[in-house]
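Participant: everything below, folded, please.
(one chain, ligands or ions: 1)
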Amino acid sequence: MKKILVLGAAGQIGSELVPYLRNTYGADNVVATDVHRNCGPEITEGGPFITCDALDGAKLNEIVDKYKIDTIYNLVAMLSAKAEADPKFGWDLNMGVLFNCLEIAREKGVAVFTPSSIGAFGPETPMDGTPQDTIMRPKTIYGVSKVAGELLADYYVKRFGIDARGVRYPGIISYVTLPGGGTTDYAVEIYYDAIKKKTYSSNLKAGTFLDMMYMPDALKAAVEVMEADPAKLIHRNCFNVASMSFDPEIIANEIKKHIPDFTLTYDVNPMKQAIAESWPNSMDDTAAREEWGWNPTYNLETMTVDMLAKLKVKLK
Ligand code: AKB
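Facilitator: Numbering: from 1, shown residues only. Next up, the predicted model:
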C-alpha cells in the first residue's frame, strides 16, 4: 500500500484530496500537512495530521522518514491574482516547496505530484484547442513559476531518474473550501451568490472563455496520473486536462435553469481580466487521454446540478 504525504491539506484541492486519498489507500497511509491547523476535523482527525511549513526541507525530510512516505502530493501554491500582489513570495513559495519535494525525491526515491495550470500559458499560445506541447510565455509570476516548475520537474526526471508527474489544471470549481486568490474564482463565487443573493457581479467580462473543471474530476486526474503505467507515459510534467469551457454568460444561463430569477451583472477587475485574456479558451487534452486514459465525468450541466444541491445544504 502507498504511504502518501499531502502538502497544503487545508487548501481548495487539499481539503478534498486528503479524504479522497484516505478512502482509496487507507486513513493511516495518508499524512496531511499544512502550515496552519485551520482545516476541518476530517483532515486533522481523519488520519495523521502535522503542522508543517513546506518551505522547511528538514522538517519535510523528517516526516518522510518517520512515516516511510513513498509519494508526495504537493498542493502548496500561491494562485495567480494573489501572487501578483507579492511576486517575490509567490515565486519563493511555489518554487521553494517544489524544490524541496524534488530533492527529497532524488535522495529518497519518493514519487511527486505537483499541479501546473492553464496559467502556465500566455497570450502567444494558441487559445483554442491549446496543444499539449506549444509556446508558453506566461505574463504572471504564478504562470512563470508554473512553467519553471514543469521544466524543473522534467529536469529531475531526466537527470536523476525520479518519478515526478503533474497535470495542468483549469479553474477548479468546488463547494468544500473556497479557492484563495485565483483568476478563475468567479466560477465558484457565482454559485455561492446564486444561492445566497440570487445575483452575482462578475469580475470577468462576458465572452471571457476559460477551461474549468469540477473538483471530483480534479481529484480523479491527480490519482490517475500517479497510478498510470510509466511505460505508457511520453509526457510527465505536465498533462493538459480539460472537461468544460465557458464564459460568465454561459454559466449564469445554466444557473438560471435552476434559479430562474438569478441575475448576472459585471464589475470587471482589470488585473484579473488581463490575466484571463492571456490564458487559453480551451485546451486539447489528447495526450492525457491517450497516455493514461483521462476521461472526465462532469460537464457544466451535471456540475451545476451537484454544486447547487450541495451548496443549498451547506448554506442553509
Ligand atoms: C488561478 O486562477 O490562479 C487558478 C488556476 C487556473 O491555476 N485557479
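
Participant: where does the closest residue to residue 134 other than its chain neighbours sit: helix, strand or coil?
Facilitator: Nearest residue to residue 134, sequence neighbours excluded (Cβ to Cβ, 6 or more residues apart in numbering): residue 125, at 5.6 Å. All C-beta atoms are positioned from the backbone trio N, CA, C, and that covers glycine. Going by DSSP: H, G, I helix; E, B strand; the rest coil, the secondary structure assigned to residue 125 is coil.

Participant: buried residues, stretch 76-93. List them.
Facilitator: By 16 or more other Cβ atoms under 10 Å, the buried positions in stretch 76-93 come out as 76, 77, 78, 79, 80, 81, 82, 83, 84, 90, 91, 93.

Participant: can you flag which of those belong to strands?
Facilitator: The members of the buried residues of stretch 76-93 all map outside strands under DSSP state E.

Participant: interface residues of the protein facing the ligand?
Facilitator: Within reach of the ligand by Cβ under 6 Å from any ligand atom, the chain has these residues: 79, 80, 117, 118, 119, 142, 169, 171, 179, 182, 183, 184.

Participant: and the two most separated of these?
Facilitator: Of all pairs drawn from these, the greatest distance, 13.6 Å, lies between 118 and 179 (Cβ to Cβ).

Participant: neighbour count winner among these two?
Facilitator: More neighbours surround residue 118 than the other of residue 118 and residue 179, with 31 against 22 (other Cβ atoms under 10 Å).

Participant: look up the closest residue to the residue of the stretch 51-200 of the chain found nearest the ligand, ignoring the ones flanking it.
Facilitator: Using Cβ to the nearest ligand atom, the closest approach of the stretch 51-200 of the chain to the ligand is made by residue 182 at 2.7 Å. Counting by Cβ to Cβ, 6+ apart, the nearest residue to residue 182 once its immediate chain neighbours are dropped is residue 79, at 3.9 Å.

Participant: surely that neighbour is in contact with residue 178?
Facilitator: No: in terms of Cβ atoms under 8 Å, residue 79 does not count as a neighbour of residue 178; the distance is 11.4 Å.

Participant: just to revisit the earlier point, can you redo the buried residues of stretch 76-93 as JSON lines with pLDDT?
Facilitator: Putting the buried residues of stretch 76-93 into JSON lines (pLDDT from 0 to 100) gives the following:
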{"residue": "76", "pLDDT": "98"}
{"residue": "77", "pLDDT": "97"}
{"residue": "78", "pLDDT": "97"}
{"residue": "79", "pLDDT": "97"}
{"residue": "80", "pLDDT": "96"}
{"residue": "81", "pLDDT": "96"}
{"residue": "82", "pLDDT": "97"}
{"residue": "83", "pLDDT": "97"}
{"residue": "84", "pLDDT": "97"}
{"residue": "90", "pLDDT": "98"}
{"residue": "91", "pLDDT": "98"}
{"residue": "93", "pLDDT": "98"}
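
Participant: before I go, just wanted to say thanks for your time.
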